[in-house]
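[1] here are the coordinates; sequence isn't available:
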């Protein structure tokens, strides 16, 4: 079963300066690898004169997460990996983080780069607003007119949204049900003895 998990609520940007180098961190929502890579390109296009655009992304969550990172010309392991480590530590899913560096003239060394990129990533995450992502299922449910109000009163208990109602011989609901609540929602519907009515996941 897909879990609920935290995701970025909106794009957030922060900046820190270390030995005259600017580290501009931009984090955003990305629910596919294609969206993540498009966002990275957007940042590159926005700041084409930057020295580096280091990034890390996590699409999905838990065992199904798809990750990617790049040092973008910084010494191997000094930027992409520490950026990813901070992103993982925040337990975020569907997130892409780009840290843009404008070189300030002073080399930071391997350890200094790791600390700088880690600090830039942490700064962005400290200012990030997070919401919960809930995987939903499209569901149809047919009920008798006599049970219409009874069903409608039940729906909020399962965070279920009504997408459409069709009034014919019976009432057919088109619903959006949280995936992790679908089984208990189905049981509750059947327990109402609604003429053996059961919700059906739409194709």
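    Happy to help now that I have it. The model shown is predicted, which means the values in this text are computed figures rather than measured ones. Numbering: from 1, shown residues only.

[2] ok, then the element right after whatever helix or strand residue 87 lives in?
    Per DSSP states H and E, residue 87 falls inside helix 80-89. Heading C-terminal from helix 80-89, the first helix or strand you meet, by DSSP H and E, is strand 95-102.

[3] what about that following strand, distance to the chain center?
    Remark: strand 95-102 is offset 17 Å from the chain centroid, using Cα atoms, centre = their mean, to the nearest Å.

[4] could you do stretch 41-59 as well?
    Stretch 41-59 sits 19 Å away from the centroid of its parent chain (Cα atoms, centre = their mean).

[5] what about it, start to end distance?
    One end of stretch 41-59 to the other measures 17 Å (Cα to Cα, to the nearest Å).

[6] by contact count, what packs against the lengthiest helix in the chain?
    What stands out as the longest helix in the chain, according to DSSP state H, is helix 109-126. Applying 3 or more Cβ pairs under 8 Å, 6 or more residues apart in numbering; DSSP states H and E, one finds that helix 109-126 contacts strand 12-18, strand 21-29, helix 80-89, strand 95-102. Quick note: C-beta positions are derived from backbone N, CA and C, even for glycine.

[7] 6 Å instead, please
    strand 12-18, strand 21-29, helix 80-89 (3 or more Cβ pairs under 6 Å, 6 or more residues apart in numbering; DSSP states H and E).

[8] adding distance to residue 168, write the ones you listed out as TSV.
    Shown next, in TSV, are the helices and strands packed on helix 109-126 (distance: least, Cβ to Cβ, whole Å):
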stretch	distance to residue 168
strand 12-18	48
strand 21-29	39
helix 80-89	50
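
[9] ok, back up a step: contacts for the helix holding residue 87, please.
    Residues outside helix 80-89 that contact it (Cβ atoms under 6 Å, 6 or more residues apart in numbering) are 54, 56, 58, 69-71, 97, 99, 114, 117-118, 121-122.

[10] per-domain residue ranges of this protein.
    Using automatic domain parsing, the domain parsing of the chain gives 5-132, 135-201.

[11] tell me which residues of the longest helix of the chain come out buried.
    Going by neighbour count (16 or more other Cβ atoms under 10 Å), the buried part of helix 109-126 is 113, 114, 116, 117, 118, 119, 120, 121, 122, 123, 124, 125.

[12] nearest residue to the first one in space, ignoring adjacent ones along the chain?
    Spatial nearest neighbour of residue 113, chain neighbours left out: residue 78 (3.9 Å); criterion: Cβ to Cβ, 6 or more residues apart in numbering.

[13] many thanks, we can stop here.
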